[in-house]
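# Dropping the sequence and predicted coords here.
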Amino acid sequence: IFLRWESLYKIVRDCAPRQMIAGMQKWASIARQATRRASASSIGSTRSYNRLTEPSLAYAILPNYERGTDFVSKYNNVSILGAPFSDGQPFSGPDEGPHLLRDAGLYDVLKGLRWRLKEHGDLQLPGSSTTDPEMSSEDADAVGGMCYQSYAVGNACEQVYNAVSEIAAEDTFPLILGGDHSLGMGIVPGILSARPNTAVIWVDAHADVNTPATSGSGNMHGMPLAFATENGISYDRIPGCEWMANAPKLDPKNLVYIGLRDVDVGERRWLREHACGVFTMSEIDALGIGKVMQLALEHVLADGPRPIHLSFDIDSVDPAIAPSTGTRVRGGLTYREAHYCVEAISDTGQLQSMDLVEVNPNLNPSGAADTVSMAVGILASAFGARII
């Protein structure tokens, strides 16, 4: 049954209507589960499964990725760091992202693309607690609004910052698996501390540049770029975030957005006032993803080669394709637009670090397998997988 469905899936995946593909993926998932059960019974209980040396049964039904480009990055080894964290937003689940991506065959994909792997494991990030210091009304007045669970977010991001700084100082490609996007408060400064000339490409449905004063929710997964750029935020008034006052800041001219389609009023004002590159879904509709990527890369590489950090929020992809994520907005990147976006960045040879965030299996659980598979596929494209 498994082999039959695998063959049929390969035949239809690139030419069938979306509903048919979704049906095939559902049956493929059933076949995968049956295969895992059968394999587990044949392996027995005397030894544990080693992801680094054994093929991933969970990923067997998906495309056989091969490296289609010989120059992805100046590095040929990747350092994987898990950042299981959910307190930047109100839902449980994003903290499961790192282990889901690994269990879906990430190691096998990267090894198949001829990368050497160094696994740093998951950071032990503190969750929020009822005993955490909270912003006072005076603090909220001083910064213009609330930052919910700021103590947990700030302390987690400080740990991420320290870990990413250390990894980025080595000759390696840091790959950070999230977690919600508030982690960008630690990831971006961490990369900049070791590689200050880095440009950031932010692929997301949202601009994530709300300040406490412009945020309508106070959820910090919508604020990472406001904290990681110079925005006049009084960090000493936000519990947990005091360390950010001395952290490296990203110059907005070194930032490019791709795929925006849900932007708050204050964020629109910020985007108009700063020299970052902004390519919304409207530009993708009008120009096509090929032209958009050409313009985006011309922006970040205008002065010549430089390191690129890619921050990929899975909610940039249309929720019909990747439904298990926290802030779904219709009209996102198609399957091929998302892959081409990452392929184009990778093809520059300047992609030198990446994070992937906001996979949440607790939201739309029936779509979790498709969302995780999409995320692993995006990572495969970033690390050199091509159609030919």
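In hand now; what should we look at?

# When you work out contacts or count neighbours from here on, use the C-alpha atoms and nothing else.
OK.

# separation between residue 235 and residue 241?
For residue 235, the distance to residue 241 (C-alpha to C-alpha, to the nearest Å) stands at 6 Å.

# of those two, who's got more company?
residue 241 (22 against 17; other C-alpha atoms under 10 Å).

# so what's residue 189 closest to, chain neighbours aside?
Leaving aside its chain neighbours, residue 189 sits nearest to residue 248 (5.2 Å; criterion: C-alpha to C-alpha, 6 or more residues apart in numbering).

# Check what pLDDT that neighbour gets.
Note for residue 248: predicted pLDDT of 97.

# Just the helices from the stretch 251-388 of the chain, written as ranges.
265-273, 281-287, 289-300, 335-347, 368-382 (DSSP state H, counting those that start in this stretch).

# So for residue 124, which of the ones you listed sits nearest?
Nearest of the helices of the stretch 251-388 of the chain to residue 124, taken as C-alpha to C-alpha: helix 368-382 at 22.3 Å.

# Just the CA coordinates for the closest one, please, in PDB.
In PDB, the C-alpha atoms belonging to helix 368-382 read as follows (Å, rounded to 0.1, in the frame of the first residue of the first chain):
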ATOM      1  CA  ALA A 368      -0.200  19.800  10.900                       C
ATOM      2  CA  ALA A 369       1.500  17.100   8.800                       C
ATOM      3  CA  ASP A 370       1.100  19.300   5.700                       C
ATOM      4  CA  THR A 371       2.500  22.300   7.500                       C
ATOM      5  CA  VAL A 372       5.500  20.500   8.800                       C
ATOM      6  CA  SER A 373       6.200  18.900   5.400                       C
ATOM      7  CA  MET A 374       6.000  22.400   3.800                       C
ATOM      8  CA  ALA A 375       8.500  23.700   6.400                       C
ATOM      9  CA  VAL A 376      11.000  20.900   5.900                       C
ATOM     10  CA  GLY A 377      10.700  21.500   2.100                       C
ATOM     11  CA  ILE A 378      11.400  25.200   2.500                       C
ATOM     12  CA  LEU A 379      14.500  24.300   4.500                       C
ATOM     13  CA  ALA A 380      15.500  21.800   1.800                       C
ATOM     14  CA  SER A 381      15.300  24.600  -0.800                       C
ATOM     15  CA  ALA A 382      17.300  26.900   1.400                       C
END
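
# For that helix, buried residues please.
368-382 (16 or more other C-alpha atoms under 10 Å).

# any idea of the mean pLDDT in that helix?
97.

# by how many degrees do it and helix 335-347 diverge?
30 degrees (axes from the mean of the first three to the mean of the last three C-alpha atoms, to 10 degrees).

# all numbers from here: first residue = 601
Sounds good: first residue 601 from here, last item helix 968-982.

# what's the helix or strand for residue 761?
Using DSSP states H and E, residue 761 maps to helix 750-768.

# now for that helix, which elements pack on it?
Counting by 3 or more C-alpha pairs under 8 Å, 6 or more residues apart in numbering; DSSP states H and E, the packing neighbours recorded for helix 750-768 are strand 773-778, helix 784-794.

# Let's test this: mean pLDDT of the shortest one, rounded?
Spelled out, it's strand 773-778. 98.

# so residue 790 makes contact with residue 761?
Yes: Residue 790 lies in contact with residue 761 (C-alpha atoms under 8 Å); the separation is 4.5 Å.

# what about these two, which has more around it?
Between residue 790 and residue 761, counted using other C-alpha under 10 Å, the more crowded position is residue 790 (28 against 25).

# Do a quick rundown of the helices in the stretch 601-750 of the chain.
Going by DSSP H, counting those that start in this stretch, the stretch 601-750 of the chain shows helices at 602-612, 618-643, 697-703, 706-712, 737-743, 750-768.

# Pull the distance from the third one to the chain's centre.
Centroid displacement of helix 697-703 relative to its chain, using C-alpha atoms, centre = their mean, to the nearest Å, is 12 Å.
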